[in-house]
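Undergrad: sequence plus the predicted model coming up.
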Amino acid sequence: MIRSAPQVLLGAALSAASFASPAMAAGTDEFAEPRRAMMARIDYNIGLTNREIGFSVLDSRISRAMGRIPRHEFVPDSLRDNAYENRPLGIGYGQTISQPYIVALMTQLLELQPEDNVLEVGAGSGYQAAVLGDLVASVSTIEIVPELGEQARQRLARLGYENVVVRVGDGYEGWPDAAPFDAILVAAASSHIPPPLIEQLEPGGRMIIPVGGPFSVQHLVLLHKSKAGRVTTRQVLPVRFVPLTRRLATDDPG
């Protein structure tokens, strides 16, 4: 854990619990102020870690997206009042929804463009996919737990994310049929960077992934693939994510 950015902890956004329904009365938003407070805390953490992460201001597109997405829709009913706290929240299956600061950080490091095609490994509850969906043309997101993948698929469809496709399968292998990807975000820790993901990354693209074992130091690693196909990496911050789970895919893409 890094001292300058409290709560830089578990990263995979997974759940098997019951989730909140979209029941905000027309014209009202009881979570508007908590969302503003969440964004202020993200900005504060960015200021604390600007030397390590390489920037001091959150991109306005990411700020607008995270400032409007109903994060409380992506956590269990019992945690709705905690949805905008700047910390990971346990949401079942021993998994978490990522700390908002980590979501913002990983998203910005990808330097996304509106026309991008993005892969996410570790769909979980779908929150990170929703953030990505607000920023790019298309998002393919993979979840290895069938129940979680179906929940994320239904939730994202209900919230209007037509450009996000959810698949249940082994994220280590990526999604060849939807490749190449301009950017890849991995929301679970691997002992190494999976070769299939590097192969599916478009030349000129970026990947952000936590690297390290579940009981050892993990680092958020930013990978860049040059136009010529040369791969370079840099460590950004120490973090702690749930491990990347491997298993055979259980359904077809989409």
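TA: Looks like it came in fine. Residues are numbered from 1 along each chain as shown.
Undergrad: find the residue at the geometric middle of this structure.
TA: Central residue of the chain (Cα atoms, centre = their mean): residue 128, 3.6 Å from the mean position.
Undergrad: wait, that one sits on residue 120?
TA: Yes: with contacts counted by Cβ atoms under 8 Å, residue 128 reaches residue 120, the gap being 6.0 Å. Using the backbone N, CA and C atoms, a C-beta is placed for each residue, glycine as well.
Undergrad: residues shared between the contacts of those two?
TA: Residues touching both residue 128 and residue 120 (Cβ atoms under 8 Å, 6 or more residues apart in numbering): 141, 185, 187.
Undergrad: does the second one touch residue 109 like I think?
TA: Think residue 185. No: Residue 185 is beyond contact range of residue 109, at 9.0 Å (criterion: Cβ under 8 Å).
Undergrad: show me which of the two is the more surrounded one.
TA: More crowded of residue 185 and residue 109, by other Cβ atoms under 10 Å: residue 185, with 26 against 21.
Undergrad: residue ranges with poor pLDDT in the stretch 51-200 of the chain?
TA: Applying pLDDT under 70 to the stretch 51-200 of the chain flags no residue at all.
Undergrad: what segments of it are strands?
TA: Applying DSSP state E, counting those that start in this stretch to the stretch 51-200 of the chain gives strands spanning 89-90, 96-97, 117-121, 138-143, 164-168, 181-186.
Undergrad: now these in CSV, with distance to residue 206?
TA: Listed next are the strands of the stretch 51-200 of the chain as CSV, based on distance: least, Cβ to Cβ, whole Å:
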stretch, distance to residue 206
strand 89-90, 27
strand 96-97, 23
strand 117-121, 10
strand 138-143, 15
strand 164-168, 19
strand 181-186, 5
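Undergrad: nearest to residue 215, of the ones you listed?
TA: Closest approach to residue 215 among the strands of the stretch 51-200 of the chain is made by strand 96-97 (16.9 Å; Cβ to Cβ).
Undergrad: and the closest one, what does it pack onto?
TA: Packing partners of strand 96-97 (3 or more Cβ pairs under 8 Å, 6 or more residues apart in numbering; DSSP states H and E): strand 89-90.
Undergrad: what lies in contact with the strand it packs on?
TA: Under the criterion Cβ under 8 Å, 6+ apart, residues 75, 79, 82-83, 96-97 lie in contact with strand 89-90.
Undergrad: top of those by neighbour count?
TA: Compared across the contacts of strand 89-90, residue 97 has the highest neighbour count, 29 neighbours, by other Cβ under 10 Å.
Undergrad: that one reaches residue 86, doesn't it?
TA: No: look at residue 97 against residue 86 with Cβ under 8 Å: they stay out of range, at 12.0 Å.
Undergrad: so for the longest strand along the chain, what gets flagged as buried?
TA: Ranked by residue count under DSSP state E, the longest strand found in the chain is strand 201-211. Applying a neighbour-count criterion of 16 or more other Cβ atoms under 10 Å, one finds 201-202, 205-211 buried in strand 201-211.
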